[in-house]
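Provide a 3D model corresponding to the input given below.
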Amino acid sequence: GITAGFILYRLSQHTPLVFRWNHAVLAGLLKIGVVYAVSLLVLQLNYQIHVVMLSHMSQTAQVGIYSLGMNLVIALWQLPNAIGIVLFARSANTEENMAFTQDVLRLARMAFIVVTAAALLLYAVSGWLVPLIFGDAYIPSVTVVRMLLPIVVFFTVFRVLHMDLAGRGKPALVLFCTAPALLLSIVIDWMLIPRYGALGAAAAVTCGLGLATLIMIGIYCRQAGVSVLELLRYRKSDFAFLSRLRRNTA
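As a prediction, the model looks like this:
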């Protein structure tokens with residue numbers, strides 16, 4: 001409340017504030033807000049449903065092993081999360097769609113490289129890091145971490161493209177990616193968890209998020225009017241763009 005009041009005060013110093021009830025604007029915001037909330041819920045379920053499945057279909061220890069491994073690897077998404085916040089704001093205000101789309105594709109490629117490097121480092125150190133910090137009881141989590149690292153890297157592309165679509169006012173398209181992925185994950189959980197426990201859940205995450213990313217790439221490229229090859233092909237200008245972005249944010 002204090003923050004909102006301060007923002008209103010600062011705005012009032014630049015322009016007169018007039019409060020009016022606009023049914024059309026309210027209905028539009030409510031519609032987009034509900035769809036966006038549902039899309040985020042389904043996306044979160046793709047991460048969390050496996051804990052629920054494990055708790056009902058396996059031992060409690062397997063829940064802890066999986067949860068620790070998952071929490072470690074999703075820390076690698078801090079970069080795409082930060083990029084996503086910026087993209088959401090800029091996508092909602094940009095009028096140069098194609099130029100901005102090229103920047104989004106560059107950011108996705110650069111984020112993929114950075115997260116890949118971090119994943120390789122985590123793969124190398126997880127064998128001694130996990131028992132050092134959490135104890136020998138969590139050594140099985142090392143296998144979970146290493147199983148999840150490839151899909152965490154691949155899913156980085158999803159997270160960057162997802163925030164651009166949401167910023168463009170198209171959060172419903174995300175459901176076309178995450179809903180099938182959630183259903184696939186539940187089926188694989190049901191098949192593998194009783195026998196493999198946390199490793200079965202990790203396999204389900206890999207398949208589900210992999211499917212979501214593939215669908216997202218197809219949807220985004222169609223919406224943006226670019227080819228899949230355009231998204232995947234690296235250029236020297238990508239690294240020049242990264243240097244320019246760092247200078248602008250310094």
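
from here on, just use CA atoms for contacts and neighbour counts.
OK.

just want the most central residue of this structure.
residue 159 (3.3 Å; C-alpha atoms, centre = their mean).

pLDDT score assigned to that one?
At residue 159, the pLDDT value in this model is 88.

check which helix or strand it maps to.
Here residue 159 sits within helix 140-167, counting by DSSP states H and E.

which elements pack onto that helix?
Applying 3 or more C-alpha pairs under 8 Å, 6 or more residues apart in numbering; DSSP states H and E, one finds that helix 140-167 contacts helix 60-73, helix 78-93, helix 97-134, helix 172-196, helix 198-224.

mean confidence for the fourth one?
Taken as a whole, helix 172-196 carries a mean pLDDT of 94.

swap in the second one?
When pLDDT is averaged along helix 78-93, the result is 60.

now residue 16: how far from residue 9?
10 Å (C-alpha to C-alpha, to the nearest Å).

with respect to residue 4, which of the helices and strands packed on helix 140-167 lies nearest?
helix 78-93 (18.2 Å; C-alpha to C-alpha).

picking that back up, okay if I get the helices and strands packed on helix 140-167 as CSV plus distance to residue 148 and mean neighbour count?
Shown next, in CSV, are the helices and strands packed on helix 140-167 (distance: least, C-alpha to C-alpha, whole Å; neighbours: other C-alpha atoms under 10 Å):
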stretch, distance to residue 148, mean neighbour count
helix 60-73, 7, 20
helix 78-93, 16, 17
helix 97-134, 10, 17
helix 172-196, 14, 20
helix 198-224, 6, 21
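
closest one to residue 147 among the ones you listed?
In terms of C-alpha to C-alpha, the element of the helices and strands packed on helix 140-167 nearest to residue 147 is helix 198-224, at 6.7 Å.

contacts made by the helix or strand following that closest one with the rest, please.
Next along the chain after helix 198-224, taking DSSP H and E as the criterion, comes helix 228-232. Under the criterion C-alpha atoms under 8 Å, 6 or more residues apart in numbering, residues 105-106, 109, 217-218, 221 lie in contact with helix 228-232.

widest-spaced pair of those?
Of all pairs drawn from these, the greatest distance, 16.8 Å, lies between 106 and 218 (C-alpha to C-alpha).

more crowded one of residue 16 and residue 9?
With neighbours defined as other C-alpha atoms under 10 Å, residue 16 and residue 9 compare such that residue 9 has more, 12 against 8.

can you name the next helix or strand after the helix or strand hosting the more buried one?
Here residue 9 sits within helix 2-12, counting by DSSP H and E. The element immediately downstream of helix 2-12 (helix or strand, assigned by DSSP H and E) is helix 23-57.

how much space between residue 63 and residue 56?
Relative to residue 56, and taking C-alpha to C-alpha, residue 63 is found at 10 Å.

pLDDT below threshold where in this structure?
1, 22, 25-29, 31, 80-97, 238-250 (pLDDT under 70).

can you rerun that using 50?
92, 248-250 (pLDDT under 50).

ok, residue 205 touching residue 45?
No. Residue 205 lies out of contact with residue 45 (C-alpha atoms under 8 Å); the separation is 10.7 Å.

any idea how far stretch 201-214 is from the middle of the chain?
13 Å (C-alpha atoms, centre = their mean, to the nearest Å).

same thing with stretch 186-197?
24 Å.

what sits up against it?
Here stretch 186-197 makes contact (C-alpha under 8 Å, 6+ apart) with 49-50, 53-54, 57-59, 62, 199-201, 203-204.

and those residues as a markdown table, adding distance to residue 41?
As requested, the contacts of stretch 186-197 are exported to a markdown table (distance: C-alpha to C-alpha, whole Å):
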| residue | distance to residue 41 |
| --- | --- |
| 49 | 11 |
| 50 | 14 |
| 53 | 17 |
| 54 | 19 |
| 57 | 23 |
| 58 | 24 |
| 59 | 26 |
| 62 | 24 |
| 199 | 24 |
| 200 | 23 |
| 201 | 19 |
| 203 | 21 |
| 204 | 18 |
